[in-house]
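Trainee: need a 3D model of the following:
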Amino acid sequence: MNNTSNYNLNKPESTDNYNVTDQNENMDTIDTQMKANAEAIDAHLSDYTLQIPYELTAGAVNTYAVTLTPAPEAYVEGMALAIKIHVDNTGASVINVNALGAKTIKKPNGNDVSAGNLKVGSIYTLRYNGTNFILQGSDAAGDAIPGDVLSGKTFSNDEGEQTGTMPNRGAHNITPGTSPILIPGGYHNGDGQVASLGGDAAAANVLSGKTFSSDVAGRAEAGAMANRAGHVAAQSTAVDGSILRFRPEAGYYPGDVGNSVSAYDANFIAGNILNGISIFGKNGTLIPGAVLNSIQSGVCYLDGSYGKDVTITSVDRSKAFLVFSYQTPVASPATSLVRGSLSSDDTISFRTGAIDPIDVHVVWQVLEFTSRVSVQYGTGYIPAGTSAGSETISPVDTSRTFVIATFSTGETSPDYYFNSFTQNWITGASSDTLLLQRLPASSGVTVHYDFFVVEFE
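Mentor: The predicted structure follows:
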């Protein structure tokens, strides 16, 4: 402390002039000076803009209080405090000095202190700016939080020094799938990749109205394939053996019950398909008659011979039979009997049983069918003394079958003129027996015969 007084405490040079009065005056001067000094010291101690008092805070969380000595009369701009915090703050906080009223504690940037900015046991310096107490020496600012900073790295924000928690993802790769893929939070070093879409589909390969993605077309492209829903006419048809092939229009076919590829043909009707036959699910109703393939005819002269063969165009004997008529100038009936058969596919054989050869004029026809007719044929004889001969045949429907039989005998006696067929029966439990009967019922004459059993389906 400087002493502004000119008072000299040194002893006067001349003791001769020194006296008690002078001494008393000197003591008064000293006392006055000391009082002035004490007042100056008190004033200095009361000026909290010039010195910084130190106190431990009291009060509740976020509501701090201190008591200074000497007590300030009022808050003044520039007023300073050094405080030791007794409890951590949890948010914006105030301080009340000697019950002069609570004032907000602010950061240098003007923001309220955040939770944890004032920590128990730590000492902070504050100065009053006329409105609030400003935290001194705080250079931490910002709104970053640990999740914003890479894990293991430290930083400072309004709450002080912090350690980052952001995961380090490094080179993270993603392969697209059928649903969105979450990109994990954290730090990516820039070397990661999102895989290509994959696939080689183009717009023409994908149904119109649908979108798709591929390496060829890109992402979410529109398909251009025609939708052939419903019944679509075929471009063409082709027959491959028993297979009917349809050539469809290009495009997409849903394949449901309302979808088909079709071709129209006016001739594809049940009436053109045989009854009992189904073609592509259509049941036929056609019941045709027998189909005649050919008729061969001619005239044959037996000119004094016992028989004669006639060559014809080859036929299927299972579907052909012979009919003929004849006449002779000879008066004896017995010698005029003629029988005929298809002895081979291309030969007609006529035979007569006359003892003496005679001239016989034969007019014949061979009828051959292609379908719905079956013919059984054969030759045989009825021995002398018996009334009938029989032939075993394949079973037939007698309601659709007729028999042609011809015969001959070598006897000339008038008694045997009537040795002719009177009945040609198809009998048996399964209609499998052809019975050939003659009159008279029993005689001494052998009768030879040829027959055709013709059945229509």
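Trainee: quick one: neighbours of Gln437, just the number.
Mentor: Applying other CB atoms under 10 Å, we find 16 residues neighbouring Gln437. Any C-beta I mention is one placed from the backbone N, CA and C, and that applies to glycine too.
Trainee: wait, isn't it in contact with Phe407?
Mentor: No - between Gln437 and Phe407 there is no contact under CB atoms under 8 Å: 11.4 Å.
Trainee: what strand or helix carries Glu368?
Mentor: Using DSSP states H and E, Glu368 falls within strand 361-371.
Trainee: sheet partners, orientation included, of the helix or strand that that strand is followed by?
Mentor: Sequence-wise, the next helix or strand downstream of strand 361-371 (DSSP H and E) is strand 373-382. Strand 373-382 has its sheet partners listed here by DSSP bridges as strand 447-456 (antiparallel).
Trainee: can I get stretch 276-296 in CSV? Just the C-alpha atoms.
Mentor: Once non-C-alpha atoms are left out, stretch 276-296 reads as follows in CSV (Å, rounded to 0.1, in the frame of the first residue of the first chain):
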residue,chain,number,x,y,z
GLY,A,276,-67.9,-93.7,-79.8
ILE,A,277,-64.8,-91.8,-80.8
SER,A,278,-63.6,-88.7,-78.9
ILE,A,279,-61.2,-86.2,-80.5
PHE,A,280,-59.8,-83.5,-78.2
GLY,A,281,-62.7,-84.1,-75.8
LYS,A,282,-65.4,-83.9,-78.5
ASN,A,283,-67.5,-87.0,-78.6
GLY,A,284,-68.6,-88.2,-82.1
THR,A,285,-72.2,-88.8,-83.0
LEU,A,286,-71.7,-90.0,-86.6
ILE,A,287,-73.0,-93.5,-87.4
PRO,A,288,-72.3,-94.0,-91.1
GLY,A,289,-73.4,-96.9,-93.2
ALA,A,290,-71.1,-99.3,-94.9
VAL,A,291,-68.7,-97.7,-97.3
LEU,A,292,-68.5,-99.4,-100.6
ASN,A,293,-65.0,-99.5,-102.0
SER,A,294,-65.5,-101.2,-105.4
ILE,A,295,-67.8,-103.4,-107.5
GLN,A,296,-66.2,-105.7,-110.0
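Trainee: measure the residue nearest to Pro288 when sequence neighbours are not counted to Asn267 for me?
Mentor: Leaving out its chain neighbours, the residue that sits closest to Pro288 by CB to CB, 6 or more residues apart in numbering is Arg372, at 6.7 Å. Separation of Arg372 from Asn267 (CB to CB, to the nearest Å) stands at 21 Å.
Trainee: so for these two, which residue has more residues nearby?
Mentor: Arg372 (16 against 6).
Trainee: how near is that one to Phe456?
Mentor: In terms of CB to CB, Arg372 sits 6 Å off from Phe456.
Trainee: surely the residue nearest to Pro288 touches Leu292?
Mentor: No - using CB under 8 Å, Arg372 is not in contact with Leu292; the gap is 10.2 Å.
Trainee: what bridges to Thr406?
Mentor: Asp450.
Trainee: was I right about it contacting Arg339?
Mentor: Yes - shown here, Thr406 and Arg339 form a contact pair, counting by CB under 8 Å, at 3.9 Å.
Trainee: between the two, which contacts overlap?
Mentor: Residues within reach of Thr406 and of Arg339 at once, by CB atoms under 8 Å, 6 or more residues apart in numbering, are Tyr449, Asp450.
Trainee: overlap in contacts of Arg372 and Phe456?
Mentor: With CB under 8 Å, 6+ apart, Arg372 and Phe456 have common neighbours Gly289, Ala290.
Trainee: show me how the record splits the protein into domains.
Mentor: For the chain, the structural domains run 54-143, 202-284, 291-456, going by automatic domain parsing.
Trainee: low-confidence ranges, the stretch 1-150 of the chain, go.
Mentor: Across the stretch 1-150 of the chain, the ranges flagged by pLDDT under 70 are 1-22, 36, 38-40, 42-46, 138-141.
Trainee: change it to 80
Mentor: The stretch 1-150 of the chain contains residues with pLDDT under 80 at 1-26, 28, 31-32, 35-46, 137-143.
Trainee: residue boundaries of the helices in it?
Mentor: For the stretch 1-150 of the chain, applying DSSP state H, counting those that start in this stretch gives helices covering 20-46.
Trainee: tell me who's in contact with the residue lying closest to Leu100 once chain neighbours are set aside.
Mentor: The shortest distance from Leu100 to any non-neighbouring residue, by CB to CB, 6+ apart, is to Tyr75 (5.7 Å). Going by CB under 8 Å, 6+ apart, Tyr75 touches Val97, Leu100, Gly101, Lys103, Tyr128.
Trainee: the third one: neighbouring residues, count only.
Mentor: Okay, so that is Gly101. Gly101: 10 neighbours (other CB under 10 Å).
Trainee: now it, nearest residue through space, not along the chain?
Mentor: Using CB to CB, 6+ apart, the closest residue to Gly101 is Tyr75 (7.5 Å).
Trainee: try the first one
Mentor: Using CB to CB, 6+ apart and skipping the chain neighbours, the partner closest in space to Val97 is Val66 (5.7 Å).
Trainee: right, and that neighbour touches Tyr48 too?
Mentor: No - in this structure, Val66 is not within contact of Tyr48 by CB under 8 Å, at 11.3 Å.
Trainee: identify the contacts common to these two.
Mentor: In contact with both Val66 and Tyr48: Leu81, using CB under 8 Å, 6+ apart.
Trainee: now do the spatially most central residue of the chain against Leu68, distance only.
Mentor: Residue closest to the average C-alpha location in the chain (CA atoms, centre = their mean): Pro254, at 11.3 Å. Separation of Pro254 from Leu68 (CB to CB): 91 Å.
Trainee: how many neighbours does Thr163 have?
Mentor: 11.
Trainee: the spatially closest residue to it that is not a sequence neighbour - how many residues pack around it?
Mentor: Closest residue to Thr163 apart from its sequence neighbours, by CB to CB, 6+ apart: Thr154 at 5.3 Å. Applying other CB under 10 Å, we find 10 residues neighbouring Thr154.
Trainee: could you do the one 10 residues further on as well?
Mentor: Other residues within reach of Gly164, judged by other CB under 10 Å, total 19.
Trainee: give me the pLDDT for it.
Mentor: On the pLDDT scale, Gly164 is placed at 89.
Trainee: now it: how far from Asp148?
Mentor: Distance from Gly164 to Asp148, by CB to CB: 7 Å.
Trainee: quick one: mean pLDDT for the strand holding Glu368?
Mentor: Per-residue scores along strand 361-371 average to 93.
Trainee: can you list the strands that it pairs with?
Mentor: In the sheet, strand 361-371 lines up with strand 291-301 (antiparallel), strand 320-327 (antiparallel) (DSSP bridges).
Trainee: ranking the ones you listed by burial, who's on top?
Mentor: strand 320-327 (a mean of 18; mean count of other CB atoms under 10 Å).
Trainee: dump that one to PDB, restricted to CA.
Mentor: The C-alpha trace of strand 320-327 is given here as PDB (Å, rounded to 0.1, in the frame of the first residue of the first chain):
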ATOM      1  CA  ALA A 320     -65.800-108.700-100.000                       C
ATOM      2  CA  PHE A 321     -68.300-111.200-101.200                       C
ATOM      3  CA  LEU A 322     -69.500-112.800-104.500                       C
ATOM      4  CA  VAL A 323     -73.000-112.800-106.000                       C
ATOM      5  CA  PHE A 324     -73.800-114.300-109.300                       C
ATOM      6  CA  SER A 325     -76.600-115.800-111.400                       C
ATOM      7  CA  TYR A 326     -76.400-118.400-114.200                       C
ATOM      8  CA  GLN A 327     -78.400-120.200-116.900                       C
END
